[in-house]
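*Asks:* What shape does this take:
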Amino acid sequence: MEILGIDIGFGFTKATNGKETLIFKSLFGDATDLQFWMDFGEHSLKDFFHVTIDGKSYFIGDLAEQQSTVLNFTLDQEKLISEFVKILELTVTGTFLKKDAPINVPINIVSGLPIGYFKQNHQRFNEILTGHHKVTYHKHDGSQLVKEIYINKIRMLPQPIGSILNILMDDNGKIINTDLAKQKVGVVDIGFRTTDFTIMDRLRYIDRSSRTMDTGISKAFSVISNKLREKCGVNVELYRLYRAAEAGAIKMKGHGLNFSKIRDQVYAQLAGTIANDIDRLWAEDWDIDTIILTGGGCMDLAQYLQPLIAGNVRPIMNDVDARLNNVQGYIKYAKYIWGESAPEPPAPPPPELEPIEEEAVEDALIEAQPAEDGLVEKQPLDDALVDNDTLEEIEELVEEKLPDE
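*Replies:* Residues are numbered from 1 along each chain as shown. The predicted model follows:
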C-alpha cells in the first residue's frame with residue numbers, strides 16, 4: 001500500500017509521500033507537437049509533465065505555461081473539481097508510484113477542500129478518482145512510461161486542519177505537541193483564491209467559528225494586474241505574478257517597472273480585510289490560546305497582518321514553505337489512520353472497458369450536472385463539515401494520545 005497527501009489548490013498543486021514533496025502551478029494545456037527540444041538542465045519526470053489520461057494528452061504546470069497554445073487556469077471551484085482535479089491528481093499520484101511497485105498497488109490518499117466547499121463536494125473526489133486509471137508519461141526524448149494506478153481510498157479534510165495536524169504530529173503520525181493539542185487553536189489559511197478560518201478546541205472541530213472567505217492573495221494580484229494594464233497596456237495573467245509581486249517589480253518589453261508601493265498598499269488593505277473577518281468571526285472566541293497563519297498567501301501578507309491581530313500569533317518560520325503546511329499534515333494524518341494497519345488486499349483487476357473516443361469524454365463533461373456552489377461569502381454554514389469517521393478518529397486520537405491533566 002502507498003499513501004499520499006495531495007492538495008489541489010487554485011494556485012499550486014502540492015503533494016508528498018512523507019519523504020519527497022512536489023509543487024507546481026495548477027495549470028494544464030494542450031500537448032503540442034514540439035518541433036525541437038533543448039534544455040541544458042538535468043531534469044527528472046517531475047520536471048517535465050507531458051501526460052496522456054483517458055486518451056487525451058496534456059502539458060502540466062510550467063511546461064503548459066511555456067509551451068501550450070491553449071492554457072487552462074481557473075478561480076472557479078466547480079471547474080477546478082470537474083476539469084482539473086482528475087488530471088492533476090492522477091499526474092502526481094503516478095509520479096510518486098515507484099517503478100518497481102507491483103501493478104495496481106493500492107494507493108490511499110488524504111486531500112482537502114476549502115471549508116465553504118467541503119460539505120457539497122467532498123464525496124465527489126471519491127467518485128472521480130477511486131478505481132483503476134492509466135497514465136502515460138511522455139519524456140522529451142520521445143520515450144514513454146505507462147503507470148497503472150489503483151486508488152483504493154480517499155479521505156477528505158477541510159484544508160486548514162492539515163496545518164494543525166502538521167504541527168501536532170511527527171512524521172510517523174504520532175502526536176508530539178501535547179500542549180498545543182490541549183489548547184483552543186485558531187487557523188487562518190490564506191490561499192490563492194480563498195481564506196479559510198477555523199478553530200479546533202482540544203482537537204475538536206468548531207463548526208460555528210469556521211468559514212471560507214473570498215479573500216485569497218489573488219484579490220491583491222487582480223488589483224496589481226489592473227494597475228499594470230492601465231500603466232503599460234499589457235494584461236498580466238494572475239499566475240504569472242508570483243515572482244513579480246514578491247520582488248515588487250516587473251519587466252515589460254525590455255523596460256523595468258517598480259510597483260512595490262502599489263503592492264504594499266494592496267497587501268495592507270487585504271490584510272485589514274482579513275483582520276476584520278477574524279474579529280467578527282471569532283468575536284465570541286476570546287479564549288483562543290494560539291492563532292496559526294498558514295497557506296501560501298500568509299508568506300506575502302504576514303508582515304501586514306500580524307500587527308493587526310490581537311492574540312498570540314504563532315511565529316511564521318522563514319525557512320519553511322507555508323504552501324506545504326496542509327499537505328504535510330495530510331500525509332501525517334494518513335500515517336495515523338493507515339500507516340500501522342494491516343496490508344491492503346491486492347487490487348481487483350481493472351474492468352474490461354471499451355475504448356472511449358475523445359468526443360465522448362468531452363460530451364460527458366458538458367452533460368455532467370455541476371454541484372451547487374458551497375461557498376457563501378460571509379455567511380454561516382449549517383452543518384458539521386467533517387464526516388463522522390474523521391471526527392471519531394480525531395476524538396480517539398485525543399483520548400489515546402493525550403496525557404491526563
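*Asks:* Quick check: which ranges of this protein have low pLDDT?
*Replies:* Residues of the chain that meet the criterion pLDDT under 70 lie in 35-47, 340-405.
*Asks:* domains in it, as residue ranges please.
*Replies:* For the chain, automatic domain parsing gives the domain ranges 2-158+344-374, 173-324.
*Asks:* between these, which gets nearest to I167?
*Replies:* The closest of the domains of the chain to I167 is domain 173-324. By Cβ to Cβ, the value is 5.9 Å. Every residue, glycine included, has its C-beta placed from N, CA and C.
*Asks:* for the stretch 101-250 of the chain, what spans make up the strands?
*Replies:* 106-113, 131-138, 144-158, 184-190, 195-201, 204-213, 249-252 (DSSP state E, counting those that start in this stretch).
*Asks:* and the longest one, what other elements does it pack with?
*Replies:* Put plainly, it is strand 144-158. Applying 3 or more Cβ pairs under 8 Å, 6 or more residues apart in numbering; DSSP states H and E, we find strand 144-158 packed against helix 85-96, strand 106-113, helix 115-129, strand 131-138, helix 325-338, helix 388-401.
*Asks:* Now do it against helix 115-129, angle only.
*Replies:* Going by axes from the mean of the first three to the mean of the last three Cα atoms, to 10 degrees, strand 144-158 is angled at 140 degrees with respect to helix 115-129.
*Asks:* Nearest residue to S225 in space, please, no chain neighbours.
*Replies:* V236 (4.9 Å; Cβ to Cβ, 6 or more residues apart in numbering).
*Asks:* hang on, isn't K139 packed against L63?
*Replies:* No - if you go by Cβ atoms under 8 Å, K139 and L63 don't touch, sitting 11.8 Å apart.
*Asks:* more crowded one of the two?
*Replies:* Legend: neighbour count by other Cβ atoms under 10 Å for K139 and L63, higher for L63 (21 against 13).
*Asks:* hmm, back to that, shared neighbours of K139 and L63, anything?
*Replies:* Common contact partners of K139 and L63 (Cβ atoms under 8 Å, 6 or more residues apart in numbering): F48, H50.
*Asks:* Quick check: W286 vs G311, distance?
*Replies:* Going from W286 to G311 by Cβ to Cβ, to the nearest Å gives 9 Å.
*Asks:* who does the helix or strand hosting I23 pair up with?
*Replies:* Using DSSP states H and E, I23 sits in strand 21-25. Using DSSP bridges, strand 21-25 pairs in its sheet with strand 12-16 (antiparallel).
*Asks:* what sits up against the partner strand?
*Replies:* Applying Cβ under 8 Å, 6+ apart, the external contacts of strand 12-16 come out as 4-7, 21-26, 61, 88, 92-93, 95-96, 192, 296, 323-324, 326-328, 330-331.
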